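>>> here is my input; please provide its structure:
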Amino acid sequence: MSANGFDSEANRSGAPGHEDSAFGRLPLLIEEREYGTVSAHTTCFAYSIATWCFLTGGFVAELVGAVQGVVCLLAGNMIGIFITTMALGLGCQRYGIEQMDCCKPAFGQRGVKIPLLFYLINMLGWSGLLLVMFGNGIYNILGALGFEVGNWVVGAGVVLGLALAYLVVTHGVHWLSISNSIITPGLGLLVAFMFYKLISDYGWDAIAAAPPIDPGPVPITNYVIAIELGIANGISWWGGVGFLARNTRTQRNAIYPEILQLGFAGSVACCIGLFSALVVQTNDPTRWMVPLGGVAMGILALTFVALANVTSTAVSIFASGLAMRHVRWFRATPWWQLMLLLAVPCLPFAFWPQELFNFGDAFLAYNGTMYAPISGILFADYFFLRKQRINLRALFESDPSGEYYFHRGFNWIALGSLLLGQFLYIAIYNPASGETHPIAQFAPASVVATLVAALSYGVGMRLFNRRERAAAPAAGGKPRLISPNI
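Numbering: from 1, shown residues only. Sure thing, here's the model as predicted:
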């Protein structure tokens, strides 16, 4: 038995054990993890540049100019990534578990289905938006080459990107690492080239003077919403933080790459997107490349962005597949079939690409609604209540005697704290209507939702959770799983 209370030898004899951990939910041993220092940084860097950072910059450009936008994106994204990384990243790395299992000590064996639902909405929603960006990239490449094509090309590009992502995810994390090692250098050059062209062709004075694309009538409200979008961008990494940390070999590699790459480098990418959107006056990242770089360089840039979006989509779908193993009906489903099943929710983006793409800014803000209170609850649970110690065996025990079963499988204190945090978020900032409460000028909705949920959960657990949770040992004194959920 390992130090964490999980019998590794019984589950890791030969290749099947690795198959169950890499494509399932068994804890990853150190030797099974793909990411060392270099690969952790390159993967996080590629993930940050390739996904929604350019798009987030475009959303912020609709509201504020360059100077205010830089403040909102840099400060907001770093706050958001800190909120979502600390408890989740450290817990997943230390125990080799994915994020849904890391949520069980707080939410319970059945209660974890609520964060699971939010998680799937987040991952598959962003996958669809990235696939539309991939389709838009193909459309703009063909247009730059002189071809006159219809909007059907965007939908066809969504299907093609989904097929390529499926090819990657069915070959495992190693293929993701290889693809990122190829794409990352090109992405780094792309960001540097875009920044160079912006400064050389327009100059900082012109960028700083460029007006927002579509601001609201009240300047302070625009600023408040912009900083909330920056924080929500950082919090939106919740879906990938646990997956990335689980595959790292040290806690240093679980935290620093995510803070430096997803946080700071991602903020820089957001700012490049902000500047580009302001000078070109469109929030669609695939429409910036040709005007900024010319036909040849624009096509090359579009190609790199398109390929990177496929890689990011693959990471999202792969992590979603691991999370789906928590649902009893899918625990024994072959990996390739599970990946096909997860591709289905992305298909509407092939039929209504632009219509769904236009909801991107509201979707980004709603990620804060979903994940800010969850992050606060996990932070209070992991650091203050459990002192960074998790009973690894109990994560896989569905019997009512299990430590993390609580009341009929639900920790109602956590779920109540989650609802309270979401209510406060929407009361302070409603993403659907764009309305803000005056308190938002002093405390962003995401920060309030995080702190209140953490405080409510911590106090509630101290005062009301008096249940004795001691599982009866099996014959011979060696604990065994009564009702495993693997």
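>>> for the chain, give me the ranges with low pLDDT.
Applying pLDDT under 70 to the chain flags the ranges 1-24, 50-51, 172-181, 184, 466-479, 486.
>>> longest helix of it?
Longest helix in the chain by number of residues (criterion: DSSP state H): helix 289-324.
>>> so which elements touch that helix?
Applying 3 or more CB pairs under 8 Å, 6 or more residues apart in numbering; DSSP states H and E, we find helix 289-324 packed against helix 37-50, helix 99-107, helix 113-144, helix 152-169, helix 173-201, helix 238-246, helix 266-280, helix 335-343. Every residue, glycine included, has its C-beta placed from N, CA and C.
>>> what comes up buried for that helix?
289-290, 292-293, 297-324 (16 or more other CB atoms under 10 Å).
>>> cool, and stretch 106-120?
Within stretch 106-120, the residues that qualify as buried are 106-116, 118-120, counting by 16+ other CB under 10 Å.
>>> nearest to Gln281 among these?
Phe118 (34.0 Å; CB to CB).
>>> so what's the closest one closest to, chain neighbours aside?
Met370 (4.2 Å; CB to CB, 6 or more residues apart in numbering).
>>> check contacts around that neighbour.
Phe118, Ile121, Asn122, Gln422 (CB atoms under 8 Å, 6 or more residues apart in numbering).
>>> counting neighbours, which of those comes out on top?
Asn122 (23 neighbours; other CB atoms under 10 Å).
>>> which residues touch the residue nearest to that one when sequence neighbours are not counted?
Counting by CB to CB, 6+ apart, Gly239 is the residue found nearest to Asn122 once chain neighbours are left out, at 4.9 Å. Gly239 sits next to Gln99, Tyr119, Asn122, Met123, Trp126, Ser316, Ala319 when contact means CB under 8 Å, 6+ apart.
>>> what's the neighbour count on the fifth one?
The burial metric for Trp126, expressed as a neighbour count using other CB under 10 Å, is 23.
>>> quick check: Leu142 touching Val149?
Yes: the pair Leu142 and Val149 qualifies as a contact (CB atoms under 8 Å) at a distance of 5.1 Å.
>>> list the residues that contact Ala232.
Ala232 touches Gly76, Gly80, Leu364, Ala365, Asn367, Gly368, Ser446, counting by CB under 8 Å, 6+ apart.
>>> my bad, should have said Ala269
Ala269 neighbours (CB under 8 Å, 6+ apart): Ser48, Ile49, Cys53, Phe54, Gly57, Val191.
>>> same question, Gln68
Tyr223, Ala226.
>>> ok, back up a step: looks to me like the residue nearest to Phe118 is in a helix.
Yes: assessed with DSSP: H, G, I helix; E, B strand; the rest coil, Met370 lies in a helix.
>>> isn't Arg94 up against Gln388?
Yes: if you go by CB under 8 Å, Arg94 and Gln388 touch, sitting 7.2 Å apart.
>>> which one of those two has more residues nearby?
Using other CB under 10 Å as the criterion, Arg94 and Gln388 rank with Arg94 on top: 20 against 12.
>>> what is the burial count for the residue lying closest to the more buried one once chain neighbours are set aside?
Leaving out its chain neighbours, the residue that sits closest to Arg94 by CB to CB, 6+ apart is Gln251, at 6.5 Å. Residues lying near Gln251 (other CB under 10 Å) number 13.
>>> and if you look at the one 5 residues further on?
Using other CB under 10 Å, the number of residues around Tyr256 comes to 17.
>>> contacts only, for it.
Tyr256 neighbours (CB under 8 Å, 6+ apart): none.
>>> ok, it to Ile114 distance?
To Ile114, Tyr256 is 31 Å away according to CB to CB, to the nearest Å.
>>> repeat for Gly293
Counting by CB to CB, the gap from Gly293 to Ile114 is 45 Å.
>>> and Leu88, by the same measure?
16 Å.
>>> just Arg462 next, same as before
22 Å.
>>> would a markdown table of the contacts of Gly239 with distance to Val218 be doable?
Shown next, in a markdown table, are the contacts of Gly239 (distance: CB to CB, whole Å):
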| residue | distance to Val218 |
| --- | --- |
| Gln99 | 38 |
| Tyr119 | 34 |
| Asn122 | 29 |
| Met123 | 34 |
| Trp126 | 29 |
| Ser316 | 35 |
| Ala319 | 39 |
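>>> still on that earlier bit, now distance to Ala454 too, for the helices and strands packed on helix 289-324, in a markdown table please.
Below are the helices and strands packed on helix 289-324 laid out as a markdown table (distance: least, CB to CB, whole Å):
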| stretch | distance to Ala454 |
| --- | --- |
| helix 37-50 | 25 |
| helix 99-107 | 11 |
| helix 113-144 | 15 |
| helix 152-169 | 34 |
| helix 173-201 | 32 |
| helix 238-246 | 15 |
| helix 266-280 | 24 |
| helix 335-343 | 31 |
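>>> ok, which of the ones you listed comes nearest Leu418?
Closest to Leu418 of those, according to CB to CB: helix 113-144, at 7.0 Å.
>>> tell me how far the closest one is from the chain's mean position?
When distances are taken as CA atoms, centre = their mean, to the nearest Å, helix 113-144 is centred 12 Å away from the chain's centroid.
>>> next one: stretch 287-295
Centroid separation for stretch 287-295 versus its chain: 28 Å, with CA atoms, centre = their mean.
>>> and for stretch 397-415?
Stretch 397-415 sits 26 Å away from the centroid of its parent chain (CA atoms, centre = their mean).
>>> now do the end-to-end distance for it.
Start-to-end span of stretch 397-415 (CA to CA, to the nearest Å) is 20 Å.
>>> how about it: buried residues?
Quick answer for stretch 397-415 (16+ other CB under 10 Å): 397-398, 402-406, 409-415.
>>> contact partners of it?
104-111, 114, 377, 381, 391, 394-395, 457, 460-461, 464-465, 467, 469-472, 481-485.
>>> hmm, try it at 7 Å
Residues from elsewhere that reach stretch 397-415 (CB atoms under 7 Å, 6 or more residues apart in numbering): 104-111, 114, 377, 391, 394-395, 457, 460-461, 464-465, 469, 471-472, 481-485.
>>> buried subset of these as a ChimeraX selection?
This is how ChimeraX selects the buried members of the contacts of stretch 397-415, with burial counted by 16+ other CB under 10 Å:
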select :104,105,106,107,108,109,110,111,114,377,391,394,395,457,460,461,465,471,481,485
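>>> so which of the contacts of stretch 397-415 are in helices?
Among the contacts of stretch 397-415, DSSP H puts Lys104, Pro105, Ala106, Phe107, Ile114, Ile377, Tyr457, Gly460, Met461, Phe464 in helices.
>>> and those residues as a markdown table, adding distance to Phe357?
Output for the ones in helices among the contacts of stretch 397-415, formatted as a markdown table (distance: CB to CB, whole Å):
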| residue | distance to Phe357 |
| --- | --- |
| Lys104 | 35 |
| Pro105 | 38 |
| Ala106 | 34 |
| Phe107 | 32 |
| Ile114 | 28 |
| Ile377 | 32 |
| Tyr457 | 36 |
| Gly460 | 40 |
| Met461 | 41 |
| Phe464 | 45 |
